[in-house]
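K.L.:
Task: produce atomic coordinates for the following.
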Amino acid sequence: MSAHNKFSLRRLLRARRRALTGYARACAERRITATLARFINRRSAQYVAAYLPFDGEVDLSALIARHPRRFWLPVIRPQGSLQFRAARHLPRFDAPRGGSQRNRFGIVEPPRSAIKSARRMDLIVLPLVGFDAQGHRLGMGAGFYDRTLQYLRRPRPFLIGVAFACQQVSELPADPWDVPLDAIVTEHGLTRFHHTKGTR
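P.N.:
Just a heads-up that it's a prediction; the model follows:
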C-alpha cells in the first residue's frame, strides 16, 4: 500500500471512530473496558501499559482510574520511542500532586517519576486507527509503537489492540518492521491471533 493510500485509509478510519458518539460510544466503551479488565485479571498482569485517548480513540480512563497502580502511560522519548510512567502520578487519578505535562501532540503525560521500558511490561494495550483479521495494526503514522516494539525479544509483553469494530478492514499491508498484535478487543469481544507463536 502506497503512502498516499495509507493516508487516505487513516483519514477514513479516523473519521469512522470520531463519528461514533453519544450513547452508542458509551455502550461500546463499557463493553471494551469490561472485556479488557477481565483479560488483565486472568493474566494476573501487574504492569500494564495503556494510554490516554486522542482523536476519538477508545477511552480507557475509567478503567485506569480504578486501578492506577497497575497502569503505566507512555512518554515520548527524544529518539521517538516510548517509555512508561506510572498512571498513579497523574493528579486526575487522585494521586500525589504533580505537574503533569502535555507532549507535542497535546496528550497528557505523567509528571517526572520512575520510568519503565516496554520490556518491563506484562501487557501493552495499544491504540490504533485500523486493524485486520490477521492482527496487523494501522497506527497514526508517527511510528512510536513500531520503534518501541521492533527490538523486543521473546518472551515479550503481550500486545493487545483496542478499537471499535468499525475500525476493522479486510486486509492491511505488513511492513518488515511491523509487530503484529496478539489480540484485539472491540465491543464485540476479544479475538486472539494465532500467528504470534511464542508469546506468553
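K.L.:
Excluding chain neighbours, give the residue nearest to P68 in space.
P.N.:
Excluding the flanking residues, the one nearest P68 by Cβ to Cβ, 6 or more residues apart in numbering is R88, at 4.0 Å. C-beta: built from backbone N, CA, C; applies to glycine.
K.L.:
What count of nearby residues applies to that neighbour?
P.N.:
Counted with other Cβ atoms under 10 Å, the neighbours of R88 add up to 20.
K.L.:
That one contacts R69, doesn't it?
P.N.:
Yes. With contact defined as Cβ atoms under 8 Å, R88 and R69 form a contacting pair (5.2 Å).
K.L.:
Can I take it that the residue nearest to P68 is in a helix?
P.N.:
Yes. Using DSSP: H, G, I helix; E, B strand; the rest coil, the assignment for R88 is a helix.
K.L.:
what about the helices in the protein?
P.N.:
3-19, 22-42, 61-66, 144-149 (DSSP state H).
K.L.:
roughly how far is the first one from the heart of the chain?
P.N.:
By that I understand helix 3-19. Relative to the centre of its chain, helix 3-19 is centred 18 Å away, using Cα atoms, centre = their mean, to the nearest Å.
K.L.:
List the buried residues of that helix.
P.N.:
Residues of helix 3-19 classed as buried by neighbour count (16 or more other Cβ atoms under 10 Å): 6, 9-10, 13-14, 16-17.
K.L.:
For the protein, which segments are assigned as strands?
P.N.:
48-49, 71-76, 82-86, 101-102, 108-109, 115-116, 123-127, 130-131, 137-138, 158-162, 183-186, 189-192 (DSSP state E).
K.L.:
Identify whichever of those lies nearest to C27.
P.N.:
Proximity to C27, assessed across the strands of the chain by Cβ to Cβ, is greatest for strand 183-186 (12.3 Å).
K.L.:
Alpha carbons only: can I get the closest one in PDB?
P.N.:
Written as PDB, here are the backbone C-alpha positions of strand 183-186 (Å, rounded to 0.1, in the frame of the first residue of the first chain):
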ATOM      1  CA  ALA A 183      -5.200 -10.000  20.300                       C
ATOM      2  CA  ILE A 184      -7.800  -7.300  19.700                       C
ATOM      3  CA  VAL A 185     -10.700  -6.100  21.900                       C
ATOM      4  CA  THR A 186     -13.700  -4.400  20.400                       C
END
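K.L.:
So what are the sheet partners of that strand and their directions?
P.N.:
Paired neighbours of strand 183-186 in the sheet (DSSP bridges): strand 158-162 (parallel), strand 189-192 (antiparallel).
K.L.:
Any chance of JSON lines for those, columns mean pLDDT, distance to A174 and mean neighbour count?
P.N.:
Shown next, in JSON lines, are those (pLDDT from 0 to 100; distance: least, Cβ to Cβ, whole Å; neighbours: other Cβ atoms under 10 Å):
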{"stretch": "strand 158-162", "mean pLDDT": "97", "distance to A174": "14", "mean neighbour count": "24"}
{"stretch": "strand 189-192", "mean pLDDT": "98", "distance to A174": "17", "mean neighbour count": "14"}
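K.L.:
any chance of those in JSON lines, plus distance to Q79?
P.N.:
Listed next are the strands paired with strand 183-186 as JSON lines, based on distance: least, Cβ to Cβ, whole Å:
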{"stretch": "strand 158-162", "distance to Q79": "21"}
{"stretch": "strand 189-192", "distance to Q79": "32"}
